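**Q** A predicted structure for the sequence below; I have some questions about it.
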Amino acid sequence: MTVVNSVLGPLDTSKLGFTLCHEHVAVSSAGIPQVYPEFIGPQGTTERAVAALRDAYQEGVRSIVDLSTMDLGRDVRLLQEVSRRSGVQIIAATGTWRDIPRAFWGASPDAVAALYVREVQEGVEGTGVRAGIIKVANDVGGVTPEGEIILRAAARAQRRTGVPISTHTYAPQRVGEQQVRIFEEEGVDLDRVCIGHSNDTTDMAYLLGLLKKGVWTGLDRYPGGRTPDTPNWEQRTDTVRRLIEAGYTHRVLLSHDWSVTLAIVSQEQQEARHRYNPDGYLFITRRVLPRLRELGVPPETLHQIMVDNPRRFFEGG
Ligand SMILES: [Zn+2]
């Protein structure tokens, strides 16, 4: 038996069930939920999140991993309430996204790692909610000097706590390869690492190169395709099929990167996002899994991807 930290307490990994490994409930910026909650948008974020996740539960979703960090406006009290009322189990994250606090730019990786370790072992903001995963992010242009501090801090916190790392990358520039290099230097077991947003590319050579290193691939952006330079959902789903055929079913994690509120873009953009994907957390259930079945993927393989893989990702091995 292995235990994962959920926002409502320790959870036996066998209870995770159908799990979406990279989602958000509410995204903003550091401190906004606590200091300027009215900025986040129309009142009722909590109610909308509870409704969306109740719908998801009705259609079989049992757990989500919320990869919102402090600099993405993480609010673990909100996550607790939404989990309690919707029935969907939520794993919260420590780590840092792209808005690396200026205070960390001159810090040592060990000093930052100690903060992540504390959030895994003792809890977040005095709530007792313990993080179950470590998030890091590197985007266009690759790993910056301050990004490298975060990557090394995440690696050291991973080694001290055993919880997995999940990354944000810019796949078109093969940023996952840079992350893997640093994790290797830090001696991280790559079985404990998911290279995220890997379905923002269809470059199989890149994806297979990462998989040969032993990491997990997060095919965790759906539906995608809102701009012509990113793959649409059919292309993303074909990539899943190709990875299954290449023998990597056991290293694939599917998710949406959805968020009920996304206060880092304008209200108009948020509304456009909801019009573009009215299925929210259920796009994979309603569109992607049926498409994979049409493409000949057997139901037991889909069960492996949506249920067994997330459990094994948290268990290690
Ligand atoms: Zn995300």
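**A** Received, thanks.

**Q** need the helices for the protein, in chain order.
**A** Remark: helices assigned in the chain by DSSP state H are 32-35, 45-58, 76-86, 109-121, 145-161, 175-185, 204-213, 233-245, 267-276, 283, 289-294, 299-303, 309-315.

**Q** Next, the buried residues of the second one.
**A** Buried residues in helix 45-58, defined by neighbour count with 16 or more other Cβ atoms under 10 Å: T45, T46, R48, A49, V50, A52, L53, D55, A56, Y57. C-beta coordinates here come from the backbone N, C-alpha and C atoms, glycine included.

**Q** okay, the closest residue to A26 other than its chain neighbours: pLDDT?
**A** Using Cβ to Cβ, 6 or more residues apart in numbering and skipping the chain neighbours, the partner closest in space to A26 is T261 (4.6 Å). On pLDDT, T261 comes in at 93.

**Q** near the ion, which residues of the protein show up?
**A** Contact residues, the chain versus the ion (Cβ under 5 Å from the ion): L67, D257.

**Q** Which residue does the chain have closest to the ion?
**A** Residue nearest to the ion within the chain (Cβ to the ion): D257, separated by 4.3 Å.

**Q** Now do the contacts for E186.
**A** Residues near E186 by Cβ atoms under 8 Å, 6 or more residues apart in numbering: L151, R152, A155, R156, R159.

**Q** Kindly recompute the last result at 7 Å.
**A** For E186, the contacting residues are R152, A155, R156, by Cβ atoms under 7 Å, 6 or more residues apart in numbering.

**Q** got the residues you listed as JSON lines, with neighbour count and pLDDT columns?
**A** JSON lines is the format used below for the contacts of E186 (neighbours: other Cβ atoms under 10 Å; pLDDT from 0 to 100):
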{"residue": "R152", "neighbour count": "21", "pLDDT": "98"}
{"residue": "A155", "neighbour count": "25", "pLDDT": "98"}
{"residue": "R156", "neighbour count": "21", "pLDDT": "98"}
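
**Q** thought the residue nearest to A26 was touching E47?
**A** No: using Cβ atoms under 7 Å, T261 makes no contact with E47, being 11.3 Å away.

**Q** tell me the contacts of E148?
**A** I182.

**Q** pLDDT score for it?
**A** Taking E148 on its own, its pLDDT is 98.

**Q** what does the one 10 residues further on give?
**A** Listed pLDDT for Q158 reads 98.

**Q** Check whether it really touches L190, as I assumed.
**A** No: with contacts counted by Cβ under 7 Å, Q158 stays clear of L190, the gap being 10.6 Å.
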